[in-house]
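> Quick one: sequence plus predicted model below, questions after.
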Amino acid sequence: MHLDLNDYFPSSNPPRLYRTRNRRDDDSRAKVAAAVASTACERAREQSAKDVWLTATLLGAAFDSGDVAAAQGFAEDLESEGLVRWQLETIIPDLELALTLQTEHTAAALKDVLVQLKVLVTSGPAAPAAVHGPDATLKFVSQERS
């Protein structure tokens, strides 16, 4: 596997792919790939990358690594950053797959994070503020105006 750490996204899928394939040494490869993805994301974050997918990719890497605390933190970051519904709907299937590839104990803890994200999907805005107007919010809070 040859990945460019200047581009974090391509490194985000191999952990799930390796664990799904489940050949000899695939679990070790998945761990290395997850570490590469996390490192690439952190590098992008340190360089102030203004990419709406960065935190979502870090969340996926946390699920792939089975890092419950990091997953909870990134889920909270997503909520405060205000991803819109279609973006959350896009990442949930990957998180569900990553959850099935973890141990029972880790999967149970990660499932709590996934449930929180699914609640956000039902309550979050469907489109960015530009579509709703300048007073609209991307935060996952009530969209009612005071």
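Noted; the coordinates are in hand.

> Please enumerate the helices of the chain.
Assigned helices in the chain, in chain order: 14-21, 26-46, 54-65, 68-81, 85-100, 104-123, 129-132 (criterion: DSSP state H).

> where's the residue nearest to V36 when sequence neighbours are not counted relative to R23, distance?
Nearest non-adjacent residue to V36, counting by Cβ to Cβ, 6 or more residues apart in numbering: S11, 4.8 Å away. In this view, the C-beta of every residue, glycine as well, is placed from N, C-alpha and C. Per Cβ to Cβ, to the nearest Å, S11 is found 19 Å from R23.

> Would you check that A30 makes contact with N22?
No. Under the criterion of Cβ atoms under 8 Å, A30 makes no contact with N22, lying 9.4 Å away.

> Give me the more crowded residue out of those two.
A30 (22 against 10; other Cβ atoms under 10 Å).

> what's near enough to touch that one?
By Cβ atoms under 8 Å, 6 or more residues apart in numbering, the contact list for A30 reads 14-16, 18-19, 64.

> Show me the one in those residues that has more neighbours than the rest.
Of the contacts of A30, with other Cβ under 10 Å as the count, D64 tops at 30 neighbours.
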